[in-house]
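Engineer: One predicted model, sequence on top.
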Amino acid sequence: MHRSLSLLFIVMLATTLNSATPDKVAERTKTDSIMLLASTLSSFKTEDAPLFLNASQLSIATGKPSLVLMSSGSTHIPVWSLSGGTDGQSVCGVVTGLPRDCGGVRVEITVTSTEAETGPAFEDVYRVHLSQMEEGAPFTTRHLQGDPVRTVLPAGPLHSRNIVLNAYYKVLPDAPLCLRIQREPADPADTFTRPMGLAAVKVTPLKAPAAPLLVQEAKGYNSWPMLQALSDKLVCVYSRGSGHTIHEDSRATYARTSTDRGKTWTDETLVSNSPGYGDVPVGKGLDSTGAMLLWVRRVGKEWHQDLYRSTDGVKFTLLTTPQLDPRPVQITDVFPVPTVGLMALWFAGNYGDEGPVHSWGTLTSTDDGKTWTQTTIENGLTKAQWPTEPSAVYLGEGKLLAIGRTEAGESTTLRSQFQMTSTDYGKTWKREQTNISNVVISTPSLILDAKTGLISNYYYQRGKAGILWRRVVKPEAVFTHPLQWPAPEAVAAGSDSTIDAGNVNATVIGDTHYLSFYSGKAPDTAVVVSVLEAPKDGERE
């Protein structure tokens with residue numbers, strides 16, 4: 001992007017100079033050129049120049065890390081040596097001078113090592129603690145404990161690594177930013193027992209993400225939306241009740257449509273309101289004719305999974321209520337798989353810790369959803385092993401990639417999204433954990449762009465973060481390397497009330513991604529849609 005801006009500036013400057021007389025050209029001062037460059041670039045900026053803290057600007061926060069010179073020949077670099085065997089070592093610093101128009105910051109660290117035994121078989125883990133000193137409030141008010149970030153070590157010594165510890169932290173521009181960097185050798189993922197040198201901390205001011213578009217205003221607990229493109233029309237289906245409950249009789253499912261890319265929406269129409277049950281949309285997709293399919297979970301004295309069909313996003317007709325064993329907690333989005341037909345993933349269990357009673361698998365249909373065949377992929381799982389609310393895409397040549405939510409909880413340092421892959425059209429699967437750990441009950445939603453072949457992994461990090469993230473990658477880079485997902489970018493912000501915001505669901509029209517989620521604070525939450533340009537080929541590795 002910077003190269004494109006530089007070329008644009010050169011063209012503009014050349015046009016200006018060519019239109020002037022030689023005398024006028026001579027009169028143009030260096031200051032004029034600098035001002036022209038600044039004004040040209042400022043209209044394109046999405047981030048400001050980064051601020052750095054070097055090792056000498058950091059001090060001990062906890063434990064006994066040491067400030068040393070890391071040397072090789074005549075090169076000497078001051079670093080903080082963070083142990084790979086002693087837990088609780090951290091250093092801290094304060095950043096000031098944030099631009100007035102920044103909405104958040106990205107925090108990265110630069111680490112290096114002279115240890116000869118380094119290599120990709122090892123990992124280390126770090127986290128950042130962030131807070132701001134807001135006038136009139138305790139300095140703990142805006143504290144955010146970052147998530148553990150695990151990375152693979154380089155193949156040889158002396159190589160430096162830039163590690164993103166937090167891709168977006170909401171800030172007040174005029175308040176000092178306090179940060180603390182801590183290595184986590186007690187984390188099972190930190191397998192490198194030797195010290196690592198922290199050379200610098202980089203803080204990049206960022207513009208706030210664009211505000212989402214309103215679908216359903218915050219009157220009642222509007223939540224758990226599903227978003228589907230029907231040709232050039234958007235269909236947003238959501239549920240409304242009195243709070244964060246799924247079984248109350250008053251909870252019903254509604255739909256609105258938009259023909260202007262989410263700017264305005266039609267009046268609300270009723271999809272389902274089953275007497276004695278709470279109705280919640282849980283999955284969507286298209287059949288072979290282009291009609292919309294919608295899974296609605298019906299919960300009362302019994303649990304049912306109802307499948308509805310619609311050709312216009314306004315009128316929905318019940319297609320089937322399959323009898324399934326094990327009974328799914330939820331069935332997720334429907335997608336086509338060659339030689340198979342339609343496929344959806346399901347998961348079953350009770351969210352408890354009492355034993356290995358959880359499972360997941362596939363549903364397939366060869367008749368556009370009228371009947372379904374259930375297959376269990378894994379059962380007898382503990383809650384920590386259980387991938388929930390998965391999203392999947394078909395990559396071609398029999399390959400599928402799915403991402404699942406983790407239910408491990410905030411106290412587990414290894415919490416991270418699951419990645420499930422198949423090379424035989426979904427008959428068998430391999431489940432692994434990824435390096436995506438900035439998740440708090442975060443439901444994923446995947447989009448595979450046909451033009452570029454890039455996968456976008458969207459998920460909302462609930463709690464104090466309150467951020468909708470996107471990670472973009474070429475499928476081949478992570479299919480057999482689940483720890484290689486790149487750093488995320490913040491694409492939307494919402495409420496920091498933990499359970500009262502989240503559950504992103506994505507769809508695509510042309511080169512634009514549309515992301516529905518809900519946000520607010522009980523008893524009132526709103527359904528919104530963020531609009532985002534699809535990532536372009538060459539922007540991601």
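Structural biologist: That came through, no problem.
Engineer: Touching, Lys207 and Arg100? I think so.
Structural biologist: No - the pair Lys207 and Arg100 does not pass the contact test of C-beta atoms under 8 Å, sitting 11.8 Å apart. Yep, even glycine has a C-beta here, placed from its N, CA and C like the rest.
Engineer: what's around the closest residue to Leu286 other than its chain neighbours, how many residues?
Structural biologist: Nearest residue to Leu286 in three dimensions, chain neighbours excluded: Met292, at 6.2 Å (C-beta to C-beta, 6 or more residues apart in numbering). Here the number of neighbours of Met292 (other C-beta atoms under 10 Å) works out to 24.
Engineer: What about Ala218, how many residues nearby?
Structural biologist: Residues within reach of Ala218, counting by other C-beta under 10 Å, total 18.
Engineer: Quick one: residues contacting it.
Structural biologist: Residues in contact with Ala218, defined by C-beta atoms under 8 Å, 6 or more residues apart in numbering, are 520, 524-526.
Engineer: same thing with Thr62?
Structural biologist: So Thr62 contacts 88-90, 180, 182 (C-beta under 8 Å, 6+ apart).
Engineer: what do you get if the cut-off is 7 Å, keeping everything else the same?
Structural biologist: Contact analysis of Thr62 by C-beta atoms under 7 Å, 6 or more residues apart in numbering lists 88-90.
Engineer: Bridged to Cys178, which residues?
Structural biologist: Following DSSP bridges, Cys178 is listed with bridge partners Val94, Ser131.
Engineer: Thought Val105 was touching it, still the case?
Structural biologist: No - the criterion here is C-beta atoms under 7 Å, and Cys178 misses it with Val105 at 12.0 Å.
Engineer: More neighbours: which of the two?
Structural biologist: Neighbours per residue (other C-beta under 10 Å) separate Cys178 from Val105, with Val105 holding more: 26 against 18.
Engineer: From the contact counts, what lies against the helix or strand containing that one?
Structural biologist: Following DSSP states H and E, the helix or strand that holds Val105 is strand 104-112. With contacts defined as 3 or more C-beta pairs under 7 Å, 6 or more residues apart in numbering; DSSP states H and E, strand 104-112 has these neighbours: strand 123-132, strand 161-170, strand 177-183, strand 196-206.
Engineer: Just want the angle from it to strand 161-170.
Structural biologist: Using axes from the mean of the first three to the mean of the last three C-alpha atoms, to 10 degrees, the inter-axis angle of strand 104-112 relative to strand 161-170 is 160 degrees.
Engineer: Neighbouring strands of strand 104-112 in the sheet, and parallel or not?
Structural biologist: Strand 104-112 is paired, per DSSP bridges, with strand 161-170 (antiparallel), strand 196-206 (antiparallel).
Engineer: Could I get the average pLDDT for that strand?
Structural biologist: Per-residue pLDDT over strand 104-112 has a mean of 97.
Engineer: can you list contacts of that strand?
Structural biologist: Taking C-beta under 7 Å, 6+ apart as the rule, strand 104-112 contacts 70, 79, 126, 128, 130, 158-171, 177, 179, 181, 196-206, 208, 490.
Engineer: Mind checking which of those residues are buried?
Structural biologist: 70, 79, 126, 128, 130, 161, 163-171, 177, 179, 181, 196-206, 490 (16 or more other C-beta atoms under 10 Å).
Engineer: rewinding a little: can I get the strands paired with strand 104-112 in a markdown table with distance to Asp232?
Structural biologist: Below are the strands paired with strand 104-112 laid out as a markdown table (distance: least, C-beta to C-beta, whole Å):
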| stretch | distance to Asp232 |
| --- | --- |
| strand 161-170 | 31 |
| strand 196-206 | 32 |
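Engineer: re earlier: mind giving me the PyMOL command for buried ones among the contacts of Thr62?
Structural biologist: Of these, the buried ones can be selected in PyMOL as follows, counting by 16+ other C-beta under 10 Å:
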select buried, resi 89+90
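Engineer: By pLDDT, give me the weakest of the contacts of Thr62.
Structural biologist: Across the set of those, Gly88 stands lowest in pLDDT, at 94.
Engineer: Could you measure from that residue over to Ala186?
Structural biologist: Noted for Gly88: a distance of 8 Å to Ala186, by C-beta to C-beta, to the nearest Å.
Engineer: which residues of the stretch 1-150 of the chain score low on pLDDT?
Structural biologist: By pLDDT under 70, the low-scoring segments of the stretch 1-150 of the chain are 1-46.
Engineer: can you give me the helices for it?
Structural biologist: Counting by DSSP state H, counting those that start in this stretch, one finds helices in the stretch 1-150 of the chain at the ranges 2-18, 22-27, 30-42.
Engineer: give me every residue that touches the residue nearest to Leu286.
Structural biologist: By C-beta under 7 Å, 6+ apart, the neighbours of Met292 are 228, 230, 235, 284, 286, 309-310, 313.
Engineer: Can you tell me who it pairs with across the strands?
Structural biologist: Under the criterion used (DSSP bridges), Met292 bridges to Leu286, Ser310.
Engineer: Now the residue nearest the centre of the chain: which helix or strand?
Structural biologist: Nearest to the geometric centre of the chain sits Trp469, at 3.0 Å (C-alpha atoms, centre = their mean). According to DSSP H and E, Trp469 maps onto strand 467-473.
Engineer: what angle sits between that strand and strand 161-170?
Structural biologist: 150 degrees.
Engineer: what's strand 467-473 packed up against?
Structural biologist: In this structure, strand 467-473 makes packing contacts with strand 455-461, strand 489-493, judged by 3+ C-beta pairs under 7 Å, 6+ apart.
Engineer: mind listing what Ser497 touches?
Structural biologist: By C-beta under 7 Å, 6+ apart, Ser497 lies in contact with Lys521.
Engineer: any idea how far Asp147 is from Ser83?
Structural biologist: 21 Å.
Engineer: So which of the contacts of Thr62 sit within strands?
Structural biologist: If you go by DSSP state E, the contacts of Thr62 have Ser90 in strands.
Engineer: Looking at the contacts of Thr62, spot the one nearest Ile455.
Structural biologist: Nearest to Ile455, judged by C-beta to C-beta, of the contacts of Thr62 is Ser90 at 34.5 Å.
Engineer: who's the closest residue to that closest one other than its chain neighbours bridged to?
Structural biologist: Nearest residue to Ser90, sequence neighbours excluded (C-beta to C-beta, 6+ apart): Gln182, at 3.6 Å. Residues in a beta bridge with Gln182, per DSSP bridges, are Ser90, Arg127.
Engineer: count of neighbours near Gln182?
Structural biologist: Gln182 has 25 nearby residues by other C-beta under 10 Å.
Engineer: who are the neighbours in contact with it?
Structural biologist: 89-90, 126-127 are the contacts of Gln182 under C-beta under 7 Å, 6+ apart.
Engineer: cutoff 10 Å now
Structural biologist: 61-63, 65, 82, 87-92, 125-129, 145-146, 148, 165 (C-beta atoms under 10 Å, 6 or more residues apart in numbering).
Engineer: And for Val94?
Structural biologist: Val94 makes contact with 53, 57-59, 133, 176-179, according to C-beta under 10 Å, 6+ apart.
Engineer: Val334 and Ser288 touch, don't they?
Structural biologist: No - with contact defined as C-beta atoms under 10 Å, Val334 and Ser288 do not form a contacting pair (11.0 Å).
Engineer: Could you point out which residue ranges in this structure have low pLDDT?
Structural biologist: Checking the chain against pLDDT under 70 turns up 1-46, 409-414, 538-541.
Engineer: any idea how far the nearest residue in space to Leu51 that is not next to it in sequence is from Val95?
Structural biologist: Closest residue in space to Leu51, ignoring its immediate chain neighbours: Val203 at 4.7 Å, by C-beta to C-beta, 6+ apart. Here the criterion is C-beta to C-beta. By it, Val203 lies 5 Å from Val95.
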